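A.B. asks: next input, structure requested:
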Amino acid sequence: MQGILRYVILFALLMAAFSAYSFGSQTGMFVFILLGFALEGAFWLGLFPIKRNK
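C.D. replies: The predicted structure follows:
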């Protein structure tokens, strides 16, 4: 179940990033482009988590 939830959250992050990019390019507001960049970064960090050695 946790694996499915992880992929749902990653998909939601990616869709939110695309939406922010789209809205930022239509309105010309650079804040939404930065928000899209941050959301996309969260997507990639969630897709490839950092593995720590014990």
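
A.B. asks: which strands and helices lie in contact with the helix or strand hosting Gln26?
C.D. replies: Per DSSP states H and E: Gln26 is located in helix 2-27. With contacts defined as 3 or more Cβ pairs under 8 Å, 6 or more residues apart in numbering; DSSP states H and E, the packing partners of helix 2-27 are helix 30-47. No exception for glycine: its C-beta is placed from N, CA and C like everyone else's.

A.B. asks: pull the contacting residues for the residue nearest to Tyr21 when sequence neighbours are not counted.
C.D. replies: Spatial nearest neighbour of Tyr21, excluding adjacent residues (Cβ to Cβ, 6 or more residues apart in numbering): Gly36 at 4.0 Å. With contacts defined as Cβ atoms under 8 Å, 6 or more residues apart in numbering, the neighbours of Gly36 are 17-21, 24.

A.B. asks: what about 7 Å?
C.D. replies: 17, 20-21, 24 (Cβ atoms under 7 Å, 6 or more residues apart in numbering).

A.B. asks: Ala20 too?
C.D. replies: 32, 35-36, 39.

A.B. asks: by how many degrees do the helix holding Gln26 and helix 30-47 diverge?
C.D. replies: 160 degrees (axes from the mean of the first three to the mean of the last three Cα atoms, to 10 degrees).

A.B. asks: from now on call the first residue 53
C.D. replies: Happy to do that; since the first residue is 53 now, the last one works out to helix 54-79.

A.B. asks: just to revisit the earlier point, got TSV for the contacts of Gly88, with distance to Gly55 too?
C.D. replies: Shown next, in TSV, are the contacts of Gly88 (distance: Cβ to Cβ, whole Å):
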residue	distance to Gly55
Ala69	21
Ala72	26
Tyr73	27
Gly76	32
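
A.B. asks: show the pLDDT at the residue nearest to Tyr73.
C.D. replies: According to the prediction, Gly88 has pLDDT 89.

A.B. asks: then Leu66?
C.D. replies: Reported pLDDT for Leu66: 90.
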